[in-house]
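A.B. asks: generate coordinates for the sequence data below:
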Amino acid sequence: MVQSTFEPRSGEWATVAGALHVHTVAELALLAEVVGVPSLGRKDDRIAALCRVLEGERLRFTFGRLTSLQQAAVSMATHSLNGKLSLEGFRLRHGGEPDFGKKATGWSGLDEPSLLCLFIHGDRIPRDLLFRLRGWVPPPAAVAVPTIETPPEQIEIRVPHRTFGNRSDEDTRRRLPVRTVERSGDALSELVEVLRLVEGHALTLMPKKRQPSKAALDKLTRALAGGADFLDAPSAAPETFPREVETDTGVDELGAIRAFAWPQLLLVGGLVRARGKTLVLSQEGGESLIDPAPDVLRQLWERWLRAPDADELHRISGVRGRMSKDTELTDPAKRRRAIAAALSDCPVGCWVSVDALFDYIRMTGRDFEVTRTPETLSVERHGFGHGYGLSVWSASERWIVLQGRVVLCFLFETAATLGLVDVAYSSPLYARTAHHDAISLSRYDGLQAFRVTELGAYCLGLSKREPELPLATRGRVVLGESLEIETTGRLYAADQSLLEKLAAPASDGIWNFSRPRVLHALERGETLASLREGLVRRHGASLPKAVEAFLKDCHHRSKSLKRAGSARLLRCRDAATAEAVASDPRTSPYCHRAGATLIAVPLESEASFYRALRAVGFGAS
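C.D. replies: Numbers count the residues shown, from 1 in each chain. Down below sits the predicted model:
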């Protein structure tokens, strides 16, 4: 005789009845015995009897029958974002697992399910029960986000002995420096720099991926504060790190974090749009360029939180199977809002380690799901042609791989780029030593700690006062009636690019408008309106009459000739032959004199010309 056991079932349930219906009659009998209701009759009758103990005053009585730890589990699930109990969070809070019943010997189920199985099915409370519980079940005790005084100056990493470059039989330990970067002071200046590059049509996208091209990433990196991205700084890749390991990891390119993030944020935020492969300013982007303010960063942040298409998981290169048709990912916007909620609980101006934030998210109901099908994902294993499926990893390890990496990416690539947080980080290689020989799953693995800034408090809604942010002093561009341009101070990269399209340098700080350069710019697709608008923005006033007249004249001259098509150029034996061919009524409709001995034949008329040429008595070789 097969022993009856109660098998917990995971899923998202609209009703308690729906959650119970997936169980067998034998399983329902075990649960009914614990609850103390009759287990006779049809399956629907048994389910109805179990549901009645969760209605009205009987619900409070049944809740009171739970142990204190079981009530704590219901409380955590009730006040989570989606009614889901984070088992890891429960362990962190209470040092053990909630009591779902007596586990079966040699079976995967429960010999004796506990009363908790009536409230939490698998790991989730059904929605109808969740609605009733939220009215009176007290929330868990408040948990403060732990802070640290300062980030560590160094971290110790472990290089597994089986990796390339480490030939010993024992793991090698190294110490890597940690770099601290304050972001709120540079975020607004970087925004202006990127918008000016867009204004100058200097940034292009890869058509299919809608991501910045390699050339665009290079330009953006040079335009960032300090002329470098986070991981391009020398201290992020110290000389003490074994170079042969670093170059043989298969890890994605380390540099593109802020350079990648800015175009994505501006596209989602509506400040730029794509015209073919080129990014151009929208009207809102042009207004933000004229009057950059912290509120622009706040709007970019809020719009990114709602973005349905962009997904941080796709930036985690070490996780495989993300694009599989069998992989069912959750809404990335809901994940971001969960992380932002946890970020809002962090004290402003205090450093928080990312591991402390991981624990806080799981303990306080801020947890979220990345995929409903984790079995379709795997982690690349270094040195082998295959990866480890996530089924090999423990639940805690899977959380760090998926939810943890999404948090790291969101903090490092979005929050830090926009200036909401300062960051402390090291090289990502082995910074978060993974199990199963994984060297590094993403470029974000080196993030060690963060600190919410005053700008972050404003963007998160913790403060209504718009902070005063330093904006890098921009050089002045002064236009005169003499068609001379005078510049003072530091020019943005896009300012320099625009001047090079319109003028030639005469001396230090002095440029002269150049008709050939303007005509060349117009030939390459620039419009008079865009050039004029760029000058007005930098000059800060209407253009001098001489400049207006010069630009209109260049525009008029650019229309002097139009391409009429392509032609074949033929050289005649002598001028007399050229004259005979060009003047004969049979060939003249298809050719033109192009010199003493040259004749031009339009390509579309070439066949007709040769037929007529033979009729006249000449041939071409």
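A.B. asks: who are the contact partners of Phe277?
C.D. replies: No Phe there; residue 277 is Lys. Contact partners of Lys277, counting by C-beta atoms under 8 Å, 6 or more residues apart in numbering, are Thr204, Leu205, Met206, Pro207, Ser213. From N, CA and C alone the C-beta is placed, and that goes for glycine too.
A.B. asks: where's the dip in pLDDT among those residues?
C.D. replies: Among the contacts of Lys277, Pro207 carries the weakest pLDDT, at 77.
A.B. asks: that residue - how many residues pack around it?
C.D. replies: Pro207 has 11 neighbouring residues, counting by other C-beta atoms under 10 Å.
A.B. asks: same check, this time on Thr105
C.D. replies: Neighbourhood size, Thr105 [other C-beta under 10 Å]: 8.
A.B. asks: check contacts around it.
C.D. replies: Under the criterion of C-beta under 8 Å, 6+ apart, the neighbours of Thr105 are Asp111.
A.B. asks: so how far is Arg65 from it?
C.D. replies: 26 Å (C-beta to C-beta, to the nearest Å).
A.B. asks: same check on Ala333?
C.D. replies: Where Arg65 is concerned, Ala333 sits at a distance of 39 Å (C-beta to C-beta).
A.B. asks: ditto for Val407
C.D. replies: The value you get for Val407 to Arg65, if C-beta to C-beta is used, is 37 Å.
A.B. asks: next: Ala416.
C.D. replies: Distance of Ala416 to Arg65, given as C-beta to C-beta: 48 Å.
A.B. asks: more neighbours: which of those two?
C.D. replies: Regarding Ala416 and Arg65, a neighbour count based on other C-beta under 10 Å identifies Ala416 as having more, with 26 against 13.
A.B. asks: which ones are touching the closest residue to the more buried one other than its chain neighbours?
C.D. replies: The spatially closest residue to Ala416, leaving aside those adjacent along the chain, is Val423, at 4.8 Å (C-beta to C-beta, 6 or more residues apart in numbering). If a contact means C-beta under 8 Å, 6+ apart, then Val423 has Thr180, Val181, Arg183, Phe230, Leu411, Phe412, Ala416, Leu447, Ala449, Phe450, Arg451 as its contacts.
A.B. asks: can we see that at 10 Å?
C.D. replies: Contacts for Val423 were tallied using C-beta atoms under 10 Å, 6 or more residues apart in numbering; they are 151, 179-183, 230, 257, 354, 411-412, 415-417, 446-451.
A.B. asks: same question, Val296
C.D. replies: Taking C-beta under 10 Å, 6+ apart as the test, what Val296 contacts is Leu188, Leu191, Val192, Leu195, Gly269, Leu271, Glu284, Gly285, Glu287, Ser288, Leu289, Leu418.
A.B. asks: give me the pLDDT for it.
C.D. replies: pLDDT for Val296: 94.
A.B. asks: hang on, it in a helix?
C.D. replies: Yes: under the criterion used here (DSSP: H, G, I helix; E, B strand; the rest coil), Val296 sits inside a helix.
A.B. asks: residue ranges in this protein under the pLDDT threshold?
C.D. replies: Using pLDDT under 70 as the threshold, the predicted model of the chain has low-confidence ranges 1-3, 106-107, 160-171, 233-255, 381-388, 433-439, 470-474, 492-494.
A.B. asks: helix or strand for Arg557, which one?
C.D. replies: In the assignment (DSSP states H and E), Arg557 maps to helix 545-558.
A.B. asks: which residues touch that helix?
C.D. replies: Contact partners of helix 545-558, identified using C-beta under 10 Å, 6+ apart, comprise 479-485, 502, 513-523, 526-529, 531-532, 535, 539, 542-544.
A.B. asks: got a PyMOL select line for the buried ones in these?
C.D. replies: Provided next is the PyMOL selection string for whichever of the contacts of helix 545-558 are buried by 16 or more other C-beta atoms under 10 Å:
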select buried, resi 479+483+484+485+502+513+514+517+518+521+522+526+528+531+532+535+539
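A.B. asks: please parse the chain into its domains.
C.D. replies: For the chain, whose domains are defined here by automatic domain parsing, the residue ranges read 16-133, 171-459, 476-558, 567-616.
A.B. asks: mean neighbour count, those: which tops it?
C.D. replies: domain 171-459 (a mean of 19; mean count of other C-beta atoms under 10 Å).
A.B. asks: off-centre distance for that domain?
C.D. replies: Its chain's C-alpha centre lies 6 Å from the corresponding centre of domain 171-459 when counted by C-alpha atoms, centre = their mean, to the nearest Å.
A.B. asks: just stretch 485-492 next, same as before
C.D. replies: Stretch 485-492 sits 34 Å away from the centroid of its parent chain (C-alpha atoms, centre = their mean).
A.B. asks: in three-state terms, label Asp422 for me.
C.D. replies: Reduced to three states with three-state DSSP, the structure at Asp422 is strand.
A.B. asks: take the contacts of helix 545-558 and keep only those in strands.
C.D. replies: Of the contacts of helix 545-558, the ones assigned to strands by DSSP state E are Leu479, Glu484, Ile485, Phe513.
A.B. asks: after the longest helix along the chain, which helix or strand is next? Please name it.
C.D. replies: With residue count as the measure and DSSP state H as the assignment, the chain has helix 184-199 as its longest helix. Moving toward the C-terminus from helix 184-199, the next helix or strand (DSSP H and E) is strand 205-206.
A.B. asks: can you tell me which helices and strands the helix or strand following that next one packs against?
C.D. replies: Helices and strands here follow DSSP H and E; after strand 205-206, the next one along the chain is strand 211-212. With contacts defined as 3 or more C-beta pairs under 10 Å, 6 or more residues apart in numbering; DSSP states H and E, strand 211-212 has these neighbours: strand 205-206, helix 214-223, helix 258-269.
A.B. asks: mind checking which of the ones you listed is nearest Gly617?
C.D. replies: Using C-beta to C-beta as the measure, helix 214-223 is the one of the helices and strands packed on strand 211-212 that comes nearest Gly617, at 56.3 Å.
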